[in-house]
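1. Would you be able to build a 3D model of this:
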Amino acid sequence: MVESYLKFWGNYVNFEGKSTRSDYWYLMLSNFLLGLVSVAVTLFLGFLSGWGEGSIVPMIIWLAIIILYIIASIVPSVALSVRRLRDGGFHWALIFISFIPYLGSFALFVLYCMPSKEGAAY
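-> Predicted coordinates for the structure are as follows:
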């Protein structure tokens, strides 16, 4: 899982090549676990500050760190999605079906779950 996370940041703007299913889903698991930890830390800092009664500076700093992480991970997430689609043998432009409400996200989920194709031209 750590190796997949390091590959994610190592291929920051690499839109070429392919990404395996395990790399993709281990990264999703890593981000989910980081999200759980960030919620726990945010709640802890909220309880420490008394939810407005004390100093909320640590909570504001922590939330700024979370926002910076989210912004920094946008480009590599798109690159990983493009590489995953290529690995499944699909054209990279299928990433735009995510703009279709409800159905688009589900369709991409299915495409991300597809096995790798050896001779994919994309």
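2. Now residue 82: closest residue in space, sequence neighbours ignored.
-> Of all residues beyond its chain neighbours, the one nearest residue 82 is residue 92 (4.5 Å), with distances taken as Cβ to Cβ, 6 or more residues apart in numbering. Placement of C-beta: from N, CA and C, glycine included.
3. That neighbour against residue 15, yeah?
-> Yes - the criterion here is Cβ atoms under 8 Å, and residue 92 meets it with residue 15 at 7.3 Å.
4. The residue nearest to residue 82: how many residues sit nearby?
-> Counted with other Cβ atoms under 10 Å, the burial measure for residue 92 works out to 16 neighbours.
5. can you pull out the helices in the chain?
-> With DSSP state H applied, the chain shows helices at 2-10, 21-49, 57-72, 74-87, 103-113, listed in chain order.
6. residues of the fourth one that come out buried?
-> Just to be clear, that refers to helix 74-87. The neighbour-count criterion (16 or more other Cβ atoms under 10 Å) identifies 76, 79-87 as the buried residues of helix 74-87.
7. got the contact list for it?
-> Applying Cβ atoms under 8 Å, 6 or more residues apart in numbering, the contact partners of helix 74-87 are 8-9, 11-21, 23-24, 27, 91-92, 94-95, 108, 111-112, 116-117, 120, 122.
8. next one: the first one
-> Residues lying outside helix 2-10 but in contact with it, judged by Cβ under 8 Å, 6+ apart, are 19, 22-24, 26-27, 30, 76, 80.
9. buried subset of those?
-> Buried positions within the contacts of helix 2-10, assessed by neighbour count (16+ other Cβ under 10 Å), are 19, 23-24, 26-27, 76, 80.
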